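Trainee: the sequence and its predicted three-dimensional model are supplied below.
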Amino acid sequence: MKELKTDILVIGAGSGGLSVAAGASQMGADVILLEGHKMGGDCLNFGCVPSKALIASGKAAFNQAHSAVFGVADVAPQVSYAAAKDHVQNVIAQIEPMDSQDRFEGFGVKVIREYGTFLSPTQVQAGDHVITARRVVIATGSSPLVPPIPGLNKVPFYTNETIFDLRDKPAHLLIIGGGPIGVEMAQAHVRLGSKVTVIEGMQALGKDDPGAAAVVLESLRAEGVAIHEQAMVAQIRRKDDVIEVVTENGDIHAGSHLLLAAGRKANIERLNLEAAGIDRIRTGIKTDESLRTTNRRVYAIGDVAGGMQFTHVAGYHAGIIIRSALFGLPSKAKTAHIPWATYTDPELAQVGVTEEQAREQHGDKVEIVRFDYHHNDRAISERKTKGFIKVMVVKGRPVGATIVGHQAGELINLWSLALANNLKMGQIAAMVSPYPTIGELNKRVAGAYFSPRLFENQTVKRVVRFVQRWIP
Ligand SMILES: Cc1cc2nc3c(=O)[nH]c(=O)nc-3n(C[C@H](O)[C@H](O)[C@H](O)COP(=O)(O)OP(=O)(O)OC[C@H]3O[C@@H](n4cnc5c(N)ncnc54)[C@H](O)[C@@H]3O)c2cc1C
Ligand SMILES: NC(=O)c1ccc[n+]([C@@H]2O[C@H](COP(=O)([O-])OP(=O)(O)OC[C@H]3O[C@@H](n4cnc5c(N)ncnc54)[C@H](O)[C@@H]3O)[C@@H](O)[C@H]2O)c1
């Protein structure tokens, strides 16, 4: 065994772990980084990057078939599913160098390509190394949850870890789960020419505002995706080449391929958490607001911490713990200003509370302002008029924003800034947006907050009439 000592030991080289390793090493700390599988983790290899690349292929195909409205003839797209997958791999290859072992060794990080296992509260074994660290950061991410559905072990199925390697286009893709993975993959596949059926046990996009989710689901259905909700899967079976998914209500959905998108489980099995005195919760590792585990020397960040599971959250967590582990400064992870977006067409984005949560938390004090895409001139030019923006306001300050529509994921950035800095609606309304942009929606919804105060206010009308009498 080789004994190593370090300031910071990072377990997992995904979105969270790489951010800690890059930041800590460049600020002068001694860093060891363990990765048992692929540098870059889920986001680069099996998550955000390949899914957004495949969505881009689907969009290209869809646009070919829906251009007549712009005066350009519709063409039935000639899709090569395998070539779309080449595009996916090419995109990964372009981004890969940023997450590579070489780049991190260039920062002075010692990278060990082994899985880590705790031996004691301060020691971790990785292959033939035993590492003693001042601080340990667990950033081991999550994996697809494989529910114990009877028959599942007897049929071939795909998850996000394998679907991007499939090169033969599925004739009929059955997707279990109508969360972000399920709906993004459903639309990409239907646009590339597969038949697609989504089977969702509860409500599809159930973590989002129901009205906004409905706009997305309606669009998917219009494109041909069959979406069955309140349809918990009870059994899976195979008849020759056909896979049958049987739901609790007795419906049978038959298809050629099966994709499981039924949620995630934290990657903790290999860690031997007991040896380090680290407690678990149902969704992952127990942490306090500073992301410290029940072992004060050990932090847990990103998906494994069992909260919001997004790349930008893992990156945000990294910043929080760098402050605490390197400088000993108090630092708390908050969630109220964290946005998320689902990259369907139309996109769906949220930051802060939804309307329902705002009403629960603030009762009568909450005001809801809304502006529809069909009033935005750029959206009309682009024929992207589906959707709306809705902002939840308490005492003149936004506490949440929901956007469904073209570029919703881009538009939500402004509301993340507003919530992170506790800005007022007046500050958003004071912004001048270039005309005609989709971004004007943000200003217009802020304007919608003030319009009744200005246009339906008798005092304002009286003052204006008075002043008009006296000015030359
Ligand atoms: C299909 C899909 C699409 C997604 N799209 C988006 C998106 O558009 N936007 C977004 O923000 N998020 C998206 N996500 C979520 C995002 O991928 C995750 O939130 C993010 O990758 C979490 O980062 P992490 O650092 O916590 O874990 P990961 O990126 O998963 O990294 C963990 C790393 O730890 C390694 N590891 C595990 N155990 C050990 C061990 N014991 N020792 C050493 N190494 C270990 C793993 O091999 C892995 O490389 C998507 C996820 C999926 C599945
Ligand atoms: N655009 C993005 O940012 C993006 C995209 C994809 C994934 N992600 C991240 O990855 C996480 C995981 O995504 P996901 O879609 O797998 O998880 P999810 O938990 O959001 O959705 C899983 C869905 O599967 C359903 N389900 C579970 N078991 C079932 C069964 N037996 N029968 C029928 N339905 C069943 C659940 O009711 C749920 O709606 C997301 O929560 C998100 O954090 C983000």
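Mentor: Received, thanks. Ligands and ions are numbered 1, 2, ... in the order given.
Trainee: can we go C-alpha only for contacts and neighbour counts from here?
Mentor: Fine.
Trainee: for Leu4, what are its contacts?
Mentor: His129, Val130, Ile131, Thr132 (CA atoms under 8 Å, 6 or more residues apart in numbering).
Trainee: using the three-state scheme, assign it.
Mentor: Using DSSP: H, G, I helix; E, B strand; the rest coil, the structure places Leu4 in strand.
Trainee: strands - which of the contacts of Leu4 land there?
Mentor: His129, Val130, Ile131, Thr132 (DSSP state E).
Trainee: turn those residues into a markdown table, including pLDDT.
Mentor: Formatted as a markdown table, the ones in strands among the contacts of Leu4 follow (pLDDT from 0 to 100):
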| residue | pLDDT |
| --- | --- |
| His129 | 98 |
| Val130 | 98 |
| Ile131 | 98 |
| Thr132 | 98 |
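Trainee: and the residues you listed, which is closest to ligand 2?
Mentor: Distance to ligand 2, by CA to the nearest ligand atom, is smallest for Ile131 among the ones in strands among the contacts of Leu4, at 31.3 Å.
Trainee: quick check: the residue lying closest to that closest one once chain neighbours are set aside vs Met39, distance?
Mentor: Excluding its sequence neighbours, the residue lying closest to Ile131 (CA to CA, 6 or more residues apart in numbering) is Leu4, at 4.7 Å. Per CA to CA, to the nearest Å, Leu4 is found 21 Å from Met39.
Trainee: now Val49
Mentor: Relative to Met39, Val49 is positioned 14 Å away (CA to CA).
Trainee: and the strands in the stretch 151-300 of the chain?
Mentor: Taking DSSP state E, counting those that start in this stretch as the test, the strands found in the stretch 151-300 of the chain are 172-176, 195-199, 226-228, 233-239, 242-247, 252-255, 257-260, 264-266, 280-281, 284-285, 298-300.
Trainee: how far away from the center of its chain is the first one?
Mentor: Same thing as strand 172-176. In terms of CA atoms, centre = their mean, to the nearest Å, the centre of strand 172-176 is found 21 Å from the chain centre.
Trainee: what lies in contact with that strand?
Mentor: Contacts of strand 172-176 (CA under 8 Å, 6+ apart): 182, 186, 189, 194-200, 233, 253-262.
Trainee: give the buried subset of the residues you listed as a ChimeraX selection command.
Mentor: If you want just the buried ones from those in ChimeraX, going by 16 or more other CA atoms under 10 Å, the selection is:
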select :182,186,189,194,195,196,197,198,199,200,233,253,254,255,257,258,259,260,261,262
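Trainee: out of the contacts of strand 172-176, who's near ligand 2?
Mentor: Subset of the contacts of strand 172-176 in contact with ligand 2: Gly182, Ile199, Glu200, Val233, Ala261, Ala262, counting by CA under 6 Å from any ligand atom.
Trainee: which parts of the stretch 301-450 of the chain sit against ligand 2?
Mentor: Going by CA under 6 Å from any ligand atom, the residues of the stretch 301-450 of the chain near ligand 2 are Met308, Gln309, Phe310, Trp340, Ala341, Thr342, Tyr343.
Trainee: the second one is in contact with Gly302, isn't it?
Mentor: Yes: here Gln309 lies in contact with Gly302, judged by CA atoms under 8 Å, at a distance of 6.6 Å.
Trainee: higher neighbour count, these two?
Mentor: Remark: of Gln309 and Gly302, Gly302 carries more neighbours, 29 against 16, as counted by other CA atoms under 10 Å.
Trainee: got the contact list for the more buried one?
Mentor: Per CA under 8 Å, 6+ apart, neighbours of Gly302: 15-16, 139-141, 308-311, 313-315, 317.
Trainee: next: Ala379.
Mentor: With contact set as CA under 8 Å, 6+ apart, Ala379 has these partners: Tyr373, Thr385, His406, Thr437, Ile438.
Trainee: now stretch 276-284: average pLDDT?
Mentor: Mean pLDDT, stretch 276-284: 97.
Trainee: what distance separates it from the centre of its chain?
Mentor: That offset, for stretch 276-284, works out to 23 Å (CA atoms, centre = their mean).
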